[in-house]
Every structure is written in C-alpha cells, then in structure tokens.
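Q: Please work out how this folds:
(chains A and B)
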Number of protein chains: 2
Amino acid sequence: MINETYKEMLGRKSVIREMSEFATKRGKEIGYENVFDYSLGNPSVPVPDEFNNGLIDLIHEKTSIELHGYSPSVGNTAVKQAIAESLNRRFGMNYTGNHIFPTTGAAGAVAHAIRCVTKPGDEVITFAPFFPEYHPYVEGAGAILKVVPANTEDFQINFEAFDEMMNENVAAVLINTPNNPSGIVYSAGTLKRLSEYLYKKESEYGHDIFLISDEPYREIVFAGVEAPYVSGFYKNTLSCYSYSKSLSLPGERIGYVAANPECTDAELISAICAQISRGTGHNCPSSMMQLGVARVLDITSDMSVYETNMNILYKELTSLGFEVIKPGGTFYIFPKALEEDAIAFCTKAKKYDLILVPSDSFGVKGYFRMAYCIDTAKVKRSLAALRRFVETEYKR
Amino acid sequence: MINETYKEMLGRKSVIREMSEFATKRGKEIGYENVFDYSLGNPSVPVPDEFNNGLIDLIHEKTSIELHGYSPSVGNTAVKQAIAESLNRRFGMNYTGNHIFPTTGAAGAVAHAIRCVTKPGDEVITFAPFFPEYHPYVEGAGAILKVVPANTEDFQINFEAFDEMMNENVAAVLINTPNNPSGIVYSAGTLKRLSEYLYKKESEYGHDIFLISDEPYREIVFAGVEAPYVSGFYKNTLSCYSYSKSLSLPGERIGYVAANPECTDAELISAICAQISRGTGHNCPSSMMQLGVARVLDITSDMSVYETNMNILYKELTSLGFEVIKPGGTFYIFPKALEEDAIAFCTKAKKYDLILVPSDSFGVKGYFRMAYCIDTAKVKRSLAALRRFVETEYKR
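A: Model (predicted):
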C-alpha cells in the first residue's frame, strides 16, 4: 500500500509553492516580465565563470574514475581538507578534513545534523520566523520541532520565550542566520547570550545540547553588517552550509556539515553522518560537484544586486509607511502587513500582480516575505504597483 | 547527545570494506598491481566520451539558471520525459515523464521506493544472496527485512521457502536481477511465477504487494542470456535504476525510480517520492547530471571487458574444481568455497594476495564473491595465485 503519511502530505501544498505557481500562471496571461514575482528564493545571478571553467578543466585533467568514480562514503578526502582550510583561513577555526561531511545542499546538511544529534522523541527548538522545511527535516528524524515565538522588535532571539520552552528533552537548537525570511543577521551579542545560555543548560541537564546552525546565506551580508561565525561561539555546533546561494547553483545540491573540532565526538561526526546516509540512500553529493566547488571555495557569484534591490525596496516600503526591519543580508525582506491577516493582505496584492508570501508558515502572523533575488529593473517597475496596491486597498 | 544507533553502526564494519582496506594496505607494501583485489564493485571502464562532451556542451549552451538552477522537486520535466521514452522504446512500456522520479543512484531509488510503499513495522522480503545495503535501506524506513534462503541449485528464487515466509504484513518484495553477488539473471519463467504468486497473494490479503526491482546491472548482460524487463511482468512494480554501472559514473549519484503506469496510484508515486525527499534532505540529484545522462540514454560504456573477465575466471574456477554457476551478467561471480567456513577460506586466500569476499553478509554461507571489474591483464595474472592457493591449501 502507498504510505498514507506521505500521500497526505501531497494535499498540504506549501504557500510559497502556491504563490509561485500563481505567478507562473499569471505570467502566461500577461507576460512574466509584468508579474512582480517575489515568491521564490531562487538565485538570479549567474555562477562565477571560474566554476564552469573549473568543471571543463576537471573533465580534461582527471581520469574517468578520478572524476566520476565513487567518492568515499564520508566525502572526497581532498575536498574535505580544502573546505576545512578555507573555513580556518576565513573564520579562525581549527577544522581538519575529518570534521567536514559533504552533503546534498543545506537540506541534506540539516537533515543529517538532526539525525546525528537526536533520537526519536527528542525535541528540537527553533526560533520564529523560521524556514518551514525545518518541519520535514526534524519530523523525518522522528524528533519534535518546537518553535519559539518571534521577537518582533528586531527579529533577534526572544530569550524569555526560549527559556519558557527549554526543557531536558531538548537535544538540539536550530538557528538560521542570516535569516530566511527576515533577512536579519544574529549579532555577536545574541550569539554570545545564546551560547552562555546553552552552556548553562547543558550543565544543568547533564547532557549535550547541540546547536545546528543553518547558514546558506552566510556570504550574503550587506555593508556595515557583521555576520559572526556561529561555531566560534559554542563548542557543540554543527554548521550546515550550501553553495546554492553563494555560487548560484541550487540545482547541484552541494553543501556540507562542519562539526566544531571541540564538539562531543567531533572526530566521529563525519563517519556517523555516513551511516545516516546509508539509510536514506543519500550516499554523498556528486563527485564532480565536490571537486568543482573545491576549486572556487573563496569566491562567490557577484551578489551585489541583492543589496541594491534591498535598498530600493527598503526605501519604498518605509516611505509607504510599512513597519520593516532593515535586512542585514540574504535576499529577503519581511515587512509587517497592513492588516492583521497576512493571507488576506497577500491575496489582495495579487490583483496588482504583486506576488508576496504571507508570514504564517514562517511561524509569525501579520507579516509577509519578499524574495528580491530578481532583476533590479523589475524591482523598480514593481514600485508603482506596490504604491497603487497600498493606496487603493489601504487608503494611504 | 550523539545518536547511539548510528554510533554503534560504526563498530560494525562491512566485510567488503574491510577486504578492500586490506587490499589497499597490502598494495602499499608490494605494489597494488600485485594485489588481486576482487573486493569492490567499482566500474573500471571509462565513461563514454559522449557523456563528458555532453557536459561541456551543456556548459556552453545553457544559461546558468537552466544548468545549475533548482530542478522541480519531482525532477527535471524534460529529463523525466526522455527517460520514459527511452524505456518505452527499449522495453515496450507506456511510461510518461510523470512515472519517473530521478534519484541519487540506485541507493536513493530503493530507499525512496521502500518508504513509498511501506509503513513502519511492515515487512519487506528479499532473496538470498542479496546486497547487504538492503538492511539500512529497509530499516531506515522503519520496516523489517526478511531474507528467503538461497536456491543454491541455480540462484533463481526458492519459491517454497518464499511461500513459508510470506504473510499479510508483507508490503513489498525486493529483487535484484542481474544479481549482486551471484551474477545470475532471473529468467522469464522465474519472473512469471513470481508475478503470478504475488497477484494471488494480493488477492488473498486484499492489499497491494509492491515489487521493488533493483536493477543497476540491467545493461550488463552476457551473450546468449535474456534479461527480461521486470516491470513488464507485474503491475505493482517500482523499477530502481542507476547509471553508475552502465555509464561508469557511480560518484555522480544519478538514477531513478520508474513506477509501472498501471500500479496503484501510479500518477502520484513521483510526487510522493518528492515528499519523502523533504524529510531526508535528498531534494533531487544534481541538475547537471540529470541533463547529462538525458543526452546519452541509449548508450553505455564499453563493458565488454566484464564478459571477457567472467569467461576467463569461470573457465579457471571450474578447471580447479570449484562448483560455480555461470553468471548471466553483472561483474560478479559467486563460487562455492572449498571449505564450509567462507570467512576462513577468504582469510587463507589473503596469503596469496587474493582478495575475495566471503558470502556470509550476502545471506548465504560457504560461498565467496569475486568482483571482476578490473583489468583483464590483472585477472590473467591472478590465475597462477588462484591455482597456487587451491593446490597448497586444499591439496587439489
């Protein structure tokens, strides 16, 4: 019989996906260039030429078995070493290759990290607003996701609510900075307070509490903002990274888990992740993609368009009277809607061909997300629609 | 805390892996060319030039987003359609693209297929000799693997023992033809009898029993042997394929699940697999690899070396007095050991730098596997060692 749990999931379509499908459909009617589609976090800038040229070089330089043969189940040794050295150079860490486990993007990284440090029935705490896919990652491991309500002052952590929710069944805390959907970067102060709190609770409960740091937007940080390296604050940290955004290759599914060299069983994490892979059939990302990213570890796509777009939208939104916290990074902005019901707000926006995502599935009510990883020209064209929408529907 | 279940798995090293590690170590002492390493099923022939050239063309022809952008969560539409058409052309099926779900190799395919048609606690039956990784695939889904004892006459199915093991908790039957480790291909007669039996049991129990057909060796079939397309025999079939062997690219992790168009919920299988992926963080194989294989669907690497090697080994083994069934395909041969304890037999063989894998982990006692996906010259050089081993240890 077909598994009913998965079959039922088909009925619960993601709001982001629904909005995106509406945008595609509407695009067929009026031309997609006229649909102001802020629904999907799909990088719009090209991969660096160095990456594609590197792939061509690999095809010419490597033997078939070196390029396309099995990588070890814990990942390609040289690639792991190169990633470790890049992280050490940039963030002052002491990783060796053995602390790095290559994965199919951040999704694979978070899914492995959760299975690694929880057992079925354990609790994992995350903070609103949060990426809704944390539900399947955590529930797929048999653990329970608890969501701390948002601190809507500045979208840093709501420590009071966190403390109320904390209990000894919590095996891991899952954070995402720079954050999807808020665009906010956790400050050094937030991370310091978080790590002190977790050390205290580890000591109180007498067991590890792992910090799983989901950081696919780590390289998209705007001028004047400092994005501290999370693992530098707390020993029991598993950093989950993806090259999807920094190199614009989300389809290639390449990222990693990096275990802090001082975490519990640090030398075993990679090997344990390889055991987890056996059960899910993951068995390493593409060998060619591992080798490809290892050649361009310290460069990124030209992502300046995201900051340009953010500044245009932030200025217009504030001038239209939106309450909005200026993003420190990512390609998202998360303003407060002009009515309590964000779904109603986003439904009305559709009439103006503005595709916005209501905040409900991110664990906050009354906000909306705009993914501005689109052409700046289109962002500029969207401003008139945004103004018309607000003035017509909300008489501002 | 680190998950104890996965941590304990670290202690239980696979015999195949142990043998392979011994071969590597011994190779450092005497030169790897002098170690007759029959341990690993790692394709030795190069990928077809058409594949690598196709990748270079893709880099030149496609935009960054077309090539490296997100594929839909159910896989690239054009790739799915091309795979369906290739299967229809070659095997007289009626797949549409919607029946095809691209996966990270056969491992990903089998892991998805099992989750798709079982619920935790269900039983999955397979037949010895079997690929030991079926344990983590099945147990990772929370199901229970039951192994029908081998039919050592011809390594077709032991239907009597199968019937004794069958019960209404069985949700799926998992077969592998051409078979690792025996090299045997299930005959049309075997598949017809299997399908008739399963139809009868479906009717008796009043529920589906899915046939999960793991067929990464489908294209490695030797002269005079017919390898019938399994899904042509039984409606509720999920075919699990990998390009690892046919195109020699095991490191690229690219394969698919193909749902028989007449199976229960055939139109939903792909979408259900995409839901399963959300929980494991799998999220599609590399977009470039999907596009790459779609260009070379009807060709394979030059795999004639495998048949050459098989014939050399089969002749020598029979002349040395081994009981051995001639493989119909794959790059494995599975002779009976010269003593009851296959582990003792393979341990003795190491003294002659012959790296053989004892059959115990494949679910049969007293046999051994040779993976002859190596140079023919080395196979020939190994014959003297094989003869010396047999004559010295077993006085033949």
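
Q: C-alpha from now on. contacts and neighbour counts both.
A: Fine.

Q: State the mean pLDDT of the helix or strand that contains residue A:240.
A: Assigned by DSSP states H and E, residue A:240 belongs to strand A:237-242. Average pLDDT, strand A:237-242: 98.

Q: In the sheet, which strands lie alongside whatever helix or strand comes next after it, parallel or antiparallel?
A: Heading C-terminal from strand A:237-242, the first helix or strand you meet, by DSSP H and E, is strand A:255-259. Sheet pairing for strand A:255-259, assigned by DSSP bridges, gives strand A:100-103 (antiparallel), strand A:237-242 (antiparallel).

Q: and among those strands, the most buried is which?
A: When you average the neighbours per residue for each of the strands paired with strand A:255-259 (mean count of other C-alpha atoms under 10 Å in any protein chain shown), strand A:100-103 leads with a mean of 32.

Q: after that one comes which helix or strand?
A: Downstream of strand A:100-103, the first helix or strand assigned by DSSP H and E is helix A:105-117.

Q: Next, the angle from that next one to strand A:255-259.
A: Between the axes of helix A:105-117 and strand A:255-259, defined by axes from the mean of the first three to the mean of the last three C-alpha atoms, to 10 degrees, the angle is 30 degrees.

Q: Tell me which residues are up against the next helix or strand after helix A:105-117.
A: Once the chain leaves helix A:105-117, the next helix or strand it forms, by DSSP H and E, is strand A:123-127. Applying C-alpha atoms under 8 Å, 6 or more residues apart in numbering or on different chains, the contact partners of strand A:123-127 are A:138, A:143-150, A:157-158, A:166, A:169-175.

Q: check whether stretch A:281-290 contacts chain B.
A: Yes - using C-alpha under 8 Å from any C-alpha of the partner chain, stretch A:281-290 reaches chain B at A:281, A:282, A:283, A:284, A:285, A:286, A:287, A:288.

Q: Neighbour-wise, give me the winner out of these.
A: Counting neighbours by other C-alpha atoms under 10 Å in any protein chain shown, residue A:286 leads the residues of stretch A:281-290 next to chain B with 32 neighbours.

Q: so how far is residue A:294 from it?
A: Noted for residue A:286: a distance of 12 Å to residue A:294, by C-alpha to C-alpha, to the nearest Å.

Q: Kindly report the same for residue A:260.
A: To residue A:294, residue A:260 is 20 Å away according to C-alpha to C-alpha.

Q: Also residue A:230?
A: 22 Å.

Q: Give the full set of residues in contact with residue A:261.
A: Residue A:261 neighbours (C-alpha under 8 Å, 6+ apart): A:94, A:95, A:96, A:99, A:235, A:267.

Q: er, residue A:310 actually
A: Neighbouring residues of residue A:310 by C-alpha under 8 Å, 6+ apart: A:327, A:331, A:332, A:333, A:372.

Q: Using a markdown table, lay out those together with secondary structure and distance to residue B:32.
A: Shown next, in a markdown table, are the contacts of residue A:310 (DSSP: H, G, I helix; E, B strand; the rest coil; distance: C-alpha to C-alpha, whole Å):
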| residue | secondary structure | distance to residue B:32 |
| --- | --- | --- |
| A:327 | coil | 57 |
| A:331 | coil | 52 |
| A:332 | strand | 54 |
| A:333 | strand | 58 |
| A:372 | coil | 55 |
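
Q: and those, which two are the farthest apart?
A: Pairwise distances across the contacts of residue A:310 (C-alpha to C-alpha) peak at 11.6 Å, for the pair A:327 and A:372.

Q: Now the common contact residues for those two.
A: Shared contacts of residue A:327 and residue A:372 (C-alpha under 8 Å, 6+ apart): A:310, A:333.

Q: quick one, which of the two is more surrounded?
A: The residue with more neighbours, out of residue A:327 and residue A:372, is residue A:372; 29 against 24, by other C-alpha under 10 Å.

Q: how near is the more buried one to chain B?
A: Counting by C-alpha to the nearest C-alpha, to the nearest Å, the gap from residue A:372 to chain B is 16 Å.

Q: same question, residue A:229
A: On the measure of C-alpha to the nearest C-alpha, residue A:229 and chain B end up 23 Å apart.

Q: re the thing from before, and the contacts of residue A:261, which are buried?
A: Listed as buried from the contacts of residue A:261 are A:95, A:96, A:99, A:235, A:267; burial here means 16 or more other C-alpha atoms under 10 Å in any protein chain shown.

Q: Out of the residues you listed, flag the one nearest to chain B.
A: Comparing the buried ones among the contacts of residue A:261 against chain B with C-alpha to the nearest C-alpha places residue A:267 closest, at 11.7 Å.

Q: Confirm that closest one sits in a strand?
A: No - per DSSP: H, G, I helix; E, B strand; the rest coil, residue A:267 lies outside any strand segment and is coil.

Q: isn't it right next to residue A:98, touching?
A: Yes - with contact defined as C-alpha atoms under 8 Å, residue A:267 counts as touching residue A:98 (6.6 Å).

Q: ok, now which ones touch the residue nearest to residue A:142 when sequence neighbours are not counted?
A: Residue nearest to residue A:142 in three dimensions, not counting chain neighbours: residue A:120, with 4.3 Å by C-alpha to C-alpha, 6 or more residues apart in numbering or on different chains. Applying C-alpha under 8 Å, 6+ apart, we find residue A:120 in contact with A:141, A:142, A:143.

Q: Among those, which lie within helices?
A: Residues of these located in helices (DSSP state H): none.

Q: closest to chain B among these?
A: residue A:141 (7.5 Å).

Q: and that closest one, what is it in contact with?
A: Going by C-alpha under 8 Å, 6+ apart, residue A:141 touches A:111, A:114, A:115, A:118, A:119, A:120, B:279.

Q: go on, residue A:48?
A: A:247, A:300, A:301, A:302.

Q: Over to residue A:201?
A: If a contact means C-alpha under 8 Å, 6+ apart, then residue A:201 has residue A:209 as its contacts.

Q: Next, find the distance separating it from residue A:207.
A: Relative to residue A:207, residue A:201 is positioned 9 Å away (C-alpha to C-alpha).

Q: Great, nothing more from me.
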